[in-house]
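S.K.: all I have is the shape, not the residue letters:
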């Protein structure tokens, strides 16, 4: 399946990234949101990176994306969550 308007061909590997306060559990928030929308999350790709001062953390992971609508739903839920400061 192809989504020519966005340049994606589905299914495909897609990296989801989000940033929030480093409370030691932020990665669980991101995983929980993504799991609601995905059958396949490549947990071996889960990466966290603390900000220079250690106050914030970014979380990235790769999913097998099935459609643009799925990606939009993931980013809508990330944006709506109060612990997510930024989604990339």
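M.R.: Cool, got the structure. Quick caveat, the model's predicted, so the values are computed rather than measured.
S.K.: tell me where this protein has strands.
M.R.: 2-3, 8-9, 12-21, 41-50, 56-65, 84-87 (DSSP state E).
S.K.: by mean pLDDT, show me the worst of those strands.
M.R.: Ranked by mean pLDDT, the strands of the chain bottom out at strand 2-3, with a mean of 50.
S.K.: in stretch 9-22, what's buried?
M.R.: Going by neighbour count (16 or more other CB atoms under 10 Å), the buried part of stretch 9-22 is 10, 14, 16, 18, 19, 20, 22. For every residue, glycine as well, the C-beta is placed using N, CA and C.
S.K.: what about the fifth one, distance to residue 59?
M.R.: Looking back up the chat, that one is residue 19. From residue 19 across to residue 59, the span is 8 Å (CB to CB, to the nearest Å).
S.K.: center of the protein, which residue is that?
M.R.: Centroid-nearest residue in the chain, with CA atoms, centre = their mean: residue 16, separated by 3.1 Å.
S.K.: show me what contacts it?
M.R.: 30, 34, 60, 61, 62, 63, 74, 78, 87 (CB atoms under 8 Å, 6 or more residues apart in numbering).
S.K.: measure it to residue 75 for me?
M.R.: From residue 16 across to residue 75, the span is 8 Å (CB to CB).
S.K.: please apply the same query to residue 24.
M.R.: Residue 24 is 24 Å from residue 75, by CB to CB.
S.K.: quick one: which of the two has more around it?
M.R.: residue 75 (17 against 8; other CB atoms under 10 Å).
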